[in-house]
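**Q** just coords:
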């Protein structure tokens, strides 16, 4: 609710400014920046939101510049849009904020080509960034006054979930408690985790894998540490474990009384970024989005009607993003949301309301988009559509505009579905994030590190993080793919239990590592883990 209120305030400031000063060309571009930016500040840690805002703003500014300076010939417009789409598809695999940069690069090119603004290229880019800055100021303000609070809350949540898992270890409720810990850990990673929280989570996962009963005093120590972290105090919940329990030994080491500063950022180097962008999956993503954006631009040019603007290629850019959700699911949500948003806007515009009323309605719509985004994408589309249409109507009311935008949405969705889904060979396979091959390979590398002497583990932290991240990602991706049409949904149903087993294997590898730390390695268990990993290699196809 607070995020929706801040988004409403940001939109009201921009729209109200336009009504008062009358510079509606500049304000329309600024409002576009605000409407696009709010999609990236709905959930997640403040640091992640700031990075996402920066990435999308940079992508849009570059795209607007390229699109505005592009030659006016149809071949050049189509070629540039296709190249921009290909670039956005390739960079979308680099990191968490990269898909936002890529999507807004394509949308920016479309706006520069078809937005119809009389402003120069640099003025359009600058005003877009102004709109982004207003949203950033409104939504990131709490971060400035509560530095570290989000990190501490996330770390404390991990501690509490780890304590719950220790209580549930070896019981029927253990699996559910393990999933809650995985969720809390994922949130903490986005907020820069505190070392103790990470290590306690791994220790708890190790004991869960062994089905080990955890003493009450150990659980109490974890809960005490959670309270201390939440209060900003150093962890000092000292626990003395028995010598024969690797998991409890690891827990005691994690609870050593040291100041809990956020862990160092794990930087994504240029080398690894380039490597990610050159993978076959990235190449397929680039080809898919490049083809769809080129076709969307060609259809827009063929219409020979400036009123269609850039909405058609925008629809394609938003739908054909495998990093966010499936083309099929996003298409259904996009069309339904646009129909509802356009219908509501048309009813309001038929009354020819005053500009101030339109500005308020646009701000309310944007607040609604932020409020509903975590619940359902289609509801968010209703708010974004209504907000964009109302903002466009500030200079002059055009009751026909919603119908045009609805037609653009249907045509854009048709391009996305036909060429990005029905005719695309990869559409009949599981999404890349739901496949187990990379996750199994990461778990195997993690096991290779786990059996080494502690001082010989050169890539220990990276191997461990990748094994857990890819295992959780595969399960989440398979669960999301269940709503796809067959045969993908059938494949996803097959992969879900295998991905859950892979998560359990990662916990067992953590237990092996804890045992190795005190010199006790069960070679038979290691061999069994390797056989289980080998059996998972081809699951899901």
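**A** Perfect, I can see it now. These figures come from a predicted structure and were not determined experimentally.
**Q** drop to CA atoms for contacts and neighbour counts, all remaining ones
**A** Noted.
**Q** tell me which element residue 413 falls in.
**A** Using DSSP states H and E, residue 413 sits in helix 401-417.
**Q** which parts of that helix are buried?
**A** By 16 or more other CA atoms under 10 Å, the buried positions in helix 401-417 come out as 401-402, 404-417.
**Q** again with stretch 375-383
**A** Those would be 377, 378, 379, 380, 381, 382, 383, for stretch 375-383 by 16+ other CA under 10 Å.
**Q** over to stretch 474-486?
**A** 474, 475, 476, 477, 478, 479, 480, 481, 482, 484.
**Q** residue 231: which of the residues you listed is nearest?
**A** residue 476 (32.5 Å; CA to CA).
**Q** so what pLDDT did residue 96 get?
**A** Residue 96 carries a pLDDT value of 69.
**Q** from here on, count from 14
**A** With 14 as the first residue, the last one maps to residue 109.
**Q** distance of residue 367 relative to residue 261?
**A** 68 Å (CA to CA, to the nearest Å).
**Q** again, but for residue 67
**A** Counting by CA to CA - residue 67 and residue 261 are separated by 43 Å.
**Q** same check, this time on residue 436
**A** 54 Å.
**Q** ok, these two, which is more surrounded?
**A** When neighbours are counted by other CA atoms under 10 Å, residue 436 and residue 261 differ, and residue 261 comes out ahead with 25 against 12.
**Q** which other helices and strands does the helix or strand encompassing that one contact?
**A** Using DSSP H and E, residue 261 falls within helix 259-267. With contacts taken as 3 or more CA pairs under 8 Å, 6 or more residues apart in numbering; DSSP states H and E, helix 259-267 sits against helix 208-223, helix 501-530.
**Q** how far does the first one sit from the chain's center?
**A** This points to helix 208-223. With CA atoms, centre = their mean, to the nearest Å as the basis, helix 208-223 stands 25 Å off its chain's centre.
**Q** give me the domain ranges for the protein.
**A** Per the record, the chain has its domains at 15-159+282-441, 162-267, 445-549, by automatic domain parsing.
**Q** picking up where we left off before, if you compare the helices and strands packed on helix 259-267, which one is most tucked away?
**A** Counting by mean count of other CA atoms under 10 Å, helix 208-223 has the highest mean neighbour count of those, with a mean of 25.
**Q** which residues are in contact with that one?
**A** Residues outside helix 208-223 that contact it (CA atoms under 8 Å, 6 or more residues apart in numbering): 168-169, 171-172, 175-176, 178-179, 182-183, 187, 191, 194, 198, 226-227, 235, 248, 260-261, 263-264, 267-268, 273-276, 517, 520-524, 527.
**Q** equivalent analysis for stretch 140-152, please.
**A** 16, 19-20, 22-24, 27, 39-40, 42-47, 49-51, 54, 63, 66, 70, 73-74.
**Q** give the buried residues for that stretch.
**A** 140, 141, 142, 143, 144, 145, 146, 147, 148, 149, 151, 152.
**Q** element containing the last one?
**A** By that I understand residue 152. Counting by DSSP H and E, the element that carries residue 152 is helix 134-158.
**Q** so in the protein, where's the weakest helix or strand by average pLDDT?
**A** Taking mean pLDDT, DSSP states H and E as the measure, the helix or strand of the chain with the lowest value is helix 283-290, at a mean of 62.
**Q** chain center to whichever helix or strand comes after that one: distance?
**A** Next helix or strand after helix 283-290 toward the C-terminus (DSSP H and E): helix 293-316. Distance of helix 293-316 from the chain centroid (CA atoms, centre = their mean) equals 22 Å.
**Q** same for helix 293-316, what does it pack against?
**A** Looks like helix 293-316 contacts helix 87-104, helix 324-332, helix 414-430 (3+ CA pairs under 8 Å, 6+ apart).
**Q** which of the buried residues of stretch 140-152 sits closest to residue 87?
**A** residue 141 (25.5 Å).
**Q** mind pulling up the pLDDT for that closest one?
**A** For residue 141, pLDDT reads 92.
**Q** tabulate the buried residues of stretch 388-396 (TSV), appending pLDDT and distance to residue 212.
**A** TSV is the format used below for those (pLDDT from 0 to 100; distance: CA to CA, whole Å):
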residue	pLDDT	distance to residue 212
390	78	35
391	83	39
392	86	39
393	85	38
394	85	40
395	87	43
396	85	42
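**Q** which of the contacts of stretch 140-152 fall in helices?
**A** Those of the contacts of stretch 140-152 mapping onto helices are 16, 19-20, 22-24, 27, 39-40, 42-47, 49-50, 63, 66, 70, 73-74, per DSSP state H.
**Q** any idea how far residue 472 lies from residue 455?
**A** In terms of CA to CA, residue 472 sits 12 Å off from residue 455.
**Q** of these two, who's got more company?
**A** Legend: neighbour count by other CA under 10 Å for residue 472 and residue 455, higher for residue 455 (23 against 11).
**Q** quick one: what helix or strand has that one in it?
**A** Using DSSP H and E, residue 455 falls in helix 450-463.
**Q** quick one on the thing from earlier: mind giving me the packing neighbours of the helix holding residue 426?
**A** In terms of contacts (3+ CA pairs under 8 Å, 6+ apart), helix 414-430 is packed against helix 293-316, helix 324-332, helix 340-362.
**Q** what about the second one, distance to the chain center?
**A** Its chain's average C-alpha position is 19 Å from that of helix 324-332, according to CA atoms, centre = their mean.
**Q** kindly report the same for stretch 459-475.
**A** 30 Å.
**Q** list the buried residues for it?
**A** 459, 460, 461, 462, 463, 464, 465, 467, 473.
**Q** can I get the residues you listed in CSV with pLDDT and distance to residue 400?
**A** Listed next are these as CSV, based on pLDDT from 0 to 100; distance: CA to CA, whole Å:
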residue, pLDDT, distance to residue 400
459, 95, 48
460, 95, 51
461, 95, 53
462, 94, 52
463, 93, 53
464, 92, 57
465, 91, 57
467, 86, 56
473, 88, 48
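**Q** related to what we said a few turns ago, compute the inter-axis angle for the helix holding residue 426 and helix 324-332.
**A** 50 degrees (axes from the mean of the first three to the mean of the last three CA atoms, to 10 degrees).
**Q** ok, back up a step: buried among the contacts of helix 208-223? Make that a PyMOL selection.
**A** The PyMOL selection below is limited to those of the contacts of helix 208-223 classed as buried (16+ other CA under 10 Å):
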select buried, resi 168+169+171+172+175+176+178+179+182+183+187+191+194+198+227+235+248+260+261+263+264+267+268+273+274+275+517+520+521+522+523+524+527
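**Q** okay, now the unreliable bits of the stretch 414-554 of the chain?
**A** 553-554 (pLDDT under 70).
**Q** one more: the stretch 164-313 of the chain?
**A** For the stretch 164-313 of the chain, residues meeting the criterion pLDDT under 70 lie at 203-206, 256, 270-291.
**Q** please redo it, this time with the cut-off set to 90
**A** Applying pLDDT under 90 to the stretch 164-313 of the chain picks out residues 164-168, 182-188, 196, 198-212, 223-227, 229, 238, 241-299.
**Q** next one: the strand or helix carrying residue 401 to chain centre, how far?
**A** Element membership of residue 401 [criterion: DSSP H and E] is helix 390-405. The chain centre lies 20 Å from the centre of helix 390-405; the measure is CA atoms, centre = their mean.
**Q** kindly report the same for stretch 414-434.
**A** The chain centre lies 24 Å from the centre of stretch 414-434; the measure is CA atoms, centre = their mean.
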